[in-house]
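Requesting a structural model of the entry that follows:
(chains A, B, C and D)
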There are 2 protein chains.
Amino acid sequence: MKFEAATIKDIAKALGVSTSTVSRALRDSHEISPETKQLVIECAERLNYKPNPIALSLKEKRSRSIGLVVTEIANNFFSQIINGIESIAYDKGYNVIITQTFESYDREVMDVQFLASRGVDGLIISLSTETHDLSHLKALHDRGLPIVFFDRITDEINTHKVIVDNYKGSFEATEHLLQMGAKRIAVISSSEFLSITKDRVAGYKEALKMHGMEPTDELIHYSYYSGMVFSEVEEIINKLFTLKHKPDAILTTSDKITTGVLKTLKRRGIRIPDDVALAGFSNTDIPELLDPPLTIVQQPSREMGEAAVSLLLQMIESKRPIRDFEKRMLSPELQIRSSSVVKKKAGKKPSGK
Amino acid sequence: MKFEAATIKDIAKALGVSTSTVSRALRDSHEISPETKQLVIECAERLNYKPNPIALSLKEKRSRSIGLVVTEIANNFFSQIINGIESIAYDKGYNVIITQTFESYDREVMDVQFLASRGVDGLIISLSTETHDLSHLKALHDRGLPIVFFDRITDEINTHKVIVDNYKGSFEATEHLLQMGAKRIAVISSSEFLSITKDRVAGYKEALKMHGMEPTDELIHYSYYSGMVFSEVEEIINKLFTLKHKPDAILTTSDKITTGVLKTLKRRGIRIPDDVALAGFSNTDIPELLDPPLTIVQQPSREMGEAAVSLLLQMIESKRPIRDFEKRMLSPELQIRSSSVVKKKAGKKPSGK
DNA sequence: TTTATTTACGCAATCGTTACCATTTTCAAT
DNA sequence: ATTGAAAATGGTAACGATTGCGTAAATAAA
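Presented below is the predicted three-dimensional model:
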């Protein structure tokens, strides 16, 4: 019952010609007569011939597939990125093999090695929080494998990169909180080793300074696993709220941290924004349905995905090695909702202290 | 600079033996002397030899990859399913090629064809809402391609299937709403052509009947695109709330519909649960952070994914064609939160009418 | 010592496709 | 009529790995 897919040989046999002729006819070579071409094409259609991509991969040493390494698919930011990547890759006839690190360095190394051994033509990757050693990627990069970094990037490898303007995103969010009257803004960020963390915390600090405030370490916290481990967030909140001078606003710099903080604050009965204002990086699709509606810095994730594949495909399909690499920076969008909009407390508590 | 990955030939050349010897040594064949084996293995390690999976695919006519067709990655239910699938597939050395239909029949056909041409060893699929004609899958199934359906399944193809007990899920949710005092429960479901819709609406109807109520068509609505098109949901809510007898509770049967309804109700200033109680199928990871905290029927999506791959791999790796197919049914979990818990209105409005 | 059996390896085909290098046929130019 | 070039097609190696078959050498049995 199970019949195999038709091959070029079947066509050749059916028509009494050689496989070379069939191959050339299908690729519309000039050295095949129009009549033969016609015959071959008809026969191919009749047998429902589809070229075998695996054989092609072997021959051409390219798989028309690209590898993707993300933290976790079940995360809006990344699933939207994937959407952007897939849509373009699909159009160009590439497929995407998605792998997840769950913030583990070991997983990342395994993923990258797996993708390499699968013969992907290129790699799109956002680094795990545990990744300090980049040799697994450097090796591939040195061999000429096209790589594009996004979101969590590195300076150690010179190639295309796609990020949002993290500095601007948290600068604007911080400034917004200040305008709402916040005097002590805490920031809860991902691991301090991540590129995004550095930029986002820098934006936060700079906004404070611009408004005549000095950043203080007791208000700056890092969640090593970017909020994936809930207890990390809980502990940070605990610390913040046993401080002598408690924060009156919190800036969170990743999706999981943002929802984690929201969850913790609600559990502890801390009112938002009355007790603390809250603004955070997030790509949730329902910020307005949360309680309270959440002020978020939203990343153009789909566009980031699109940019990343476009750059990658450009590298893959370029004849000559690329020397000039681009760091493409997209703009995040600050969406203001009530979690950060403090009702004017008409002189009730003049300044906090 | 760009050096190619080591092949079996390189090892053979380096050692002055034939490729067959190398191949057999690496596969630990008994007809290779221990000394030679040792030599080969060492050399392989030294050259960092990795077998080329593409060549293997061509030879063995299997790709060690499986195809997955979902509605949309950026949907918690599906991304959790993917997590379940990936985790097991990865362990067994398979990779997963994910495609999305966005509820379009044409996309589904393209996806399936694409996966087939990529030589996947098996297929895991949840049907699109537009899919009435199954010939694209029947053809593959007839050729012997292992297929597992999940979530949106069909009776027309006899193979393994993985679903939740949809009937039970909506039965229990409906019963819960009744117990909370609801007298007119509306249901907003996906396209009536989907298997899940039939079961979920049936559970709803049966619960009503069990409690002495007759289901009425004016309270039963279908969103053809399962809430992906927001206006569909808006219109249904409009219809429901221009009814003479308005509903006092709403049961929604898919993630996007649930959030869509919540959004619409909030926009219209309809209070939950005071004006209408709300309960719905959803796999959001933050039901308790919504306003109001949402009563949901949660599907064990990760487990569903795990079950689906396990069944698929079992089919793929089975020597003999499988005759006995399983419909594995997992239990959904009703999580009660305040969106459905109506405060006792002490005699205020005795019965609504 | 001769034959039989085992051991350890090499050769070549195979998977589906392409590409280089023939070879044959056609037709024009001499 | 002879040669030359162009046009159309065929043969075959190659991509990387596996595997059935053949065979030389080593060992055992007669």
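
Surely A:Glu86 touches B:Ile97?
No - using C-beta atoms under 8 Å, A:Glu86 makes no contact with B:Ile97, being 10.5 Å away. For every residue, glycine as well, the C-beta is placed using N, CA and C.

Now do the shared contacts for the two.
A:Val96 (C-beta atoms under 8 Å, 6 or more residues apart in numbering or on different chains).

Strands along the stretch 251-353 of chain A, start to end?
A:277-281, A:295-298, A:327-330, A:333-335 (DSSP state E, counting those that start in this stretch).

for A:Ile257, what are its contacts?
A:Ile257 neighbours (C-beta under 8 Å, 6+ apart): A:188-190, A:223, A:226-227, A:233, A:280.

Which of the strands of the stretch 251-353 of chain A sits closest to DNA strand D?
DNA strand D lies closest, by C-beta to the nearest atom of the strand, to one member of the strands of the stretch 251-353 of chain A: strand A:327-330, at 33.9 Å.

Buried residues, that closest one. List them.
A:Arg328 (16 or more other C-beta atoms under 10 Å in any protein chain shown).

Please apply the same query to stretch A:90-100.
For stretch A:90-100, the neighbour count (16+ other C-beta under 10 Å) marks A:90, A:94-100 as buried.

So which of the residues you listed belong to helices?
Counting by DSSP state H, those place A:Tyr90 in helices.

Take the buried residues of stretch A:90-100 and lay them out in a markdown table including distance to DNA strand D and pLDDT.
A markdown table is the format used below for those (distance: C-beta to the nearest atom of the strand, whole Å; pLDDT from 0 to 100):
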| residue | distance to DNA strand D | pLDDT |
| --- | --- | --- |
| A:Tyr90 | 26 | 85 |
| A:Tyr94 | 20 | 89 |
| A:Asn95 | 20 | 85 |
| A:Val96 | 23 | 89 |
| A:Ile97 | 19 | 88 |
| A:Ile98 | 24 | 90 |
| A:Thr99 | 21 | 91 |
| A:Gln100 | 27 | 92 |
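
circling back: any chance of the strands of the stretch 251-353 of chain A in JSON lines with mean pLDDT and distance to chain B as columns?
What follows is the strands of the stretch 251-353 of chain A, written out as JSON lines (pLDDT from 0 to 100; distance: least, C-beta to the nearest C-beta, whole Å):
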{"stretch": "strand A:277-281", "mean pLDDT": "97", "distance to chain B": "12"}
{"stretch": "strand A:295-298", "mean pLDDT": "98", "distance to chain B": "13"}
{"stretch": "strand A:327-330", "mean pLDDT": "98", "distance to chain B": "18"}
{"stretch": "strand A:333-335", "mean pLDDT": "98", "distance to chain B": "15"}
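
want to throw these into a markdown table with distance to DNA strand D?
Supplementary listing: these in a markdown table, determined by distance: least, C-beta to the nearest atom of the strand, whole Å:
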| stretch | distance to DNA strand D |
| --- | --- |
| strand A:277-281 | 44 |
| strand A:295-298 | 45 |
| strand A:327-330 | 34 |
| strand A:333-335 | 47 |
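
For DNA strand C, find the nearest of these.
Among the strands of the stretch 251-353 of chain A, strand A:327-330 comes nearest to DNA strand C, with 33.1 Å by C-beta to the nearest atom of the strand.

related to what we said a few turns ago, and chain B, which of the buried residues of stretch A:90-100 contact it?
Restricting the buried residues of stretch A:90-100 to those within reach of chain B (C-beta under 8 Å from any C-beta of the partner chain) leaves A:90, A:95-100.

and which of those is nearest to DNA strand C?
A:Asn95 (17.3 Å).

which non-adjacent residue is nearest the closest one?
Once flanking residues are discounted, A:Asn95 sits nearest to A:Ser65: 4.9 Å by C-beta to C-beta, 6 or more residues apart in numbering or on different chains.

residue contacts, that neighbour?
Residues in contact with A:Ser65 (C-beta under 8 Å, 6+ apart) are A:94-97, A:118-121.

For the residues you listed, name the two members farthest from one another.
A:Val96 and A:Gly119 (14.0 Å; C-beta to C-beta).

Just put the strands of the stretch 251-353 of chain A in a markdown table and tack on distance to A:Leu26.
Shown next, in a markdown table, are the strands of the stretch 251-353 of chain A (distance: least, C-beta to C-beta, whole Å):
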| stretch | distance to A:Leu26 |
| --- | --- |
| strand A:277-281 | 50 |
| strand A:295-298 | 47 |
| strand A:327-330 | 38 |
| strand A:333-335 | 48 |
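
Regarding the residue in the stretch 101-250 of chain A positioned nearest to chain B, what is its secondary structure?
Using C-beta to the nearest C-beta, the single residue of the stretch 101-250 of chain A nearest to chain B is A:Gly144, 3.4 Å away. The three-state assignment at A:Gly144 reads coil, by DSSP: H, G, I helix; E, B strand; the rest coil.

neighbours around the residue in the stretch 201-350 of chain A positioned nearest to DNA strand C, how many?
Nearest residue of the stretch 201-350 of chain A to DNA strand C: A:Lys319, at 14.4 Å (C-beta to the nearest atom of the strand). The tally of other residues near A:Lys319 (other C-beta atoms under 10 Å in any protein chain shown) stands at 4.

how about the helices of the stretch 151-300 of chain A, start to end?
Ranges of helices within the stretch 151-300 of chain A are A:166-179, A:195-210, A:230-240, A:255-267, based on DSSP state H, counting those that start in this stretch.

Next to chain B, which bits of the stretch 151-300 of chain A? Give me the list.
Within the stretch 151-300 of chain A, the residues that sit near chain B (C-beta under 8 Å from any C-beta) are A:259, A:262-263, A:266, A:284-286, A:288-293.

Could you tell me the phi and psi values at the residue of the stretch 101-250 of chain A closest to chain B?
The phi and psi torsions at A:Gly144 (degrees, to the nearest 10) take the values phi 100, psi 10.

pLDDT score for it?
At A:Gly144, the pLDDT value in this model is 87.

For DNA strand D, see how far away it is.
Counting by C-beta to the nearest atom of the strand, to the nearest Å, the gap between A:Gly144 and DNA strand D amounts to 14 Å.

hang on, isn't that residue packed against A:Arg320?
No - counting by C-beta under 8 Å, A:Gly144 stays clear of A:Arg320, with 11.8 Å between them.

Settle it for me: which of the two has more neighbours?
Comparing A:Gly144 with A:Arg320 by other C-beta under 10 Å, the one with more neighbours is A:Gly144, at 12 against 5.

got the residues of chain A near DNA strand C?
A:4, A:7-9, A:19-20, A:23, A:26-27, A:49-52, A:55-56, A:58-60 (C-beta under 7 Å from any atom of the strand).

Give me the neighbour count for the spatially closest residue to A:Glu306 that is not a sequence neighbour.
Excluding the flanking residues, the one nearest A:Glu306 by C-beta to C-beta, 6+ apart is A:Gly84, at 4.3 Å. If you count neighbours by other C-beta under 10 Å, A:Gly84 ends up with 20.

Mind giving me the packing neighbours of the helix or strand containing A:Gly84?
Assigned by DSSP states H and E, A:Gly84 belongs to helix A:76-91. Counting by 3 or more C-beta pairs under 8 Å, 6 or more residues apart in numbering or on different chains; DSSP states H and E, the packing neighbours recorded for helix A:76-91 are strand A:65-70, strand A:95-100, helix A:301-317, strand B:95-100.

CA atoms only for that helix - export them in CSV, please.
Output in CSV follows, covering the C-alpha atoms of helix A:76-91 (Å, rounded to 0.1, in the frame of the first residue of the first chain):
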residue,chain,number,x,y,z
ASN,A,76,5.1,35.8,24.6
PHE,A,77,8.2,37.7,23.6
PHE,A,78,9.8,34.6,22.1
SER,A,79,6.7,33.2,20.5
GLN,A,80,6.1,36.5,18.8
ILE,A,81,9.7,36.5,17.7
ILE,A,82,9.2,33.1,16.3
ASN,A,83,6.1,34.2,14.4
GLY,A,84,8.1,36.9,12.8
ILE,A,85,10.9,34.5,11.9
GLU,A,86,8.7,31.8,10.6
SER,A,87,6.6,34.0,8.4
ILE,A,88,9.6,35.2,6.4
ALA,A,89,11.6,31.9,6.5
TYR,A,90,8.5,30.1,5.2
ASP,A,91,8.2,32.4,2.3
